[in-house]
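Asks: show me how the following folds:
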Amino acid sequence: MKINDTRNAVLVFDLDDTLYSEYDYKVSGIQSVIQTIAALYPEYDLHSLKSAVDYKDKDWLDVICTQCRLNDSEKQTLLWQYRLHKPVIRPYMDYKSLKDITQNFAATALITDGRSITQRLKLAALGIMDLFADILISESFQSEKPHPERFVYLQNKYGKNHQFIYVGDNIKKDFVTPKTMGWLTIGLKGSEHNIHQHESGDFDVAYHPHLWIESLTDLRKHFGI
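Replies: All right, here's what the predicted structure looks like:
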């Protein structure tokens, strides 16, 4: 599939594991929780808490609460501490380089799943929020990918005269819907730290992007910009 003119195309990104590493966010959140406990509960040592946690473990919060003898209510408070912390994360591509790419398009948008405040805190920490004319988060729309609502929203806003491109990473949900709508879909190859690991062979070709790229810098080469 070919984009005739980027100036007449809308470039849409996923967020997690597409514009930054979601694993880095997880590490940042866990450290925020641990630092909070160590600061407020003198009986728990910061180093000991860090040593007890495996950052790849999905049950890391249960491990912490068990070690600190915290109940389910306290666990929920810490979960919100995780969700609302100010993350320490870096974008895969620095602001200037990403802007140099996006400014070649008619508009740039974001379609991401997650909680509205959490996802916006990530964008603020990455310093790239102002690059997107539309920030469409699943909690606000009460609709997650691969449901089409947010893709349809952008098509209705910008009109049929525009071409659309979606850049994501998750073969399970990112590409199947925009492909059926005639969008160009681009997949960013993941690393061993990607939160969502999927084998491409487990999915029908309809779920695959039109093309895979190794890094966001490859967008320059693909679009000749």
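
Asks: for the chain, which segments count as strands?
Replies: Residue ranges of the strands in the chain, as given by DSSP state E, are 9-13, 107-112, 134-137, 163-168, 184-188, 211-213.

Asks: please enumerate the helices of this structure.
Replies: Ranges of helices in the chain, per DSSP state H, are 22-40, 46-52, 60-68, 72-84, 95-102, 116-126, 138-141, 149-158, 176-180, 218-223.

Asks: for those, which one ends up most surrounded?
Replies: helix 176-180 (a mean of 20; mean count of other CB atoms under 10 Å). No exception for glycine: its C-beta is placed from N, CA and C like everyone else's.

Asks: for that helix, name the packing helices and strands.
Replies: Using 3 or more CB pairs under 8 Å, 6 or more residues apart in numbering; DSSP states H and E, no helix or strand is in contact with helix 176-180.

Asks: for T108, which non-adjacent residue is closest in space?
Replies: Spatial nearest neighbour of T108, chain neighbours left out: T102 (4.2 Å); criterion: CB to CB, 6 or more residues apart in numbering.

Asks: would you mind giving the domain segments of the chain?
Replies: 6-21+89-223, 24-84 (the TED database).

Asks: dump those domains into JSON lines; add mean pLDDT as well.
Replies: Shown next, in JSON lines, are the domains of the chain (pLDDT from 0 to 100):
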{"stretch": "domain 6-21+89-223", "mean pLDDT": "94"}
{"stretch": "domain 24-84", "mean pLDDT": "95"}
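
Asks: ok, back up a step: which residues does the residue nearest to T108 contact?
Replies: T102 is in contact with 11, 108, 131, counting by CB atoms under 8 Å, 6 or more residues apart in numbering.
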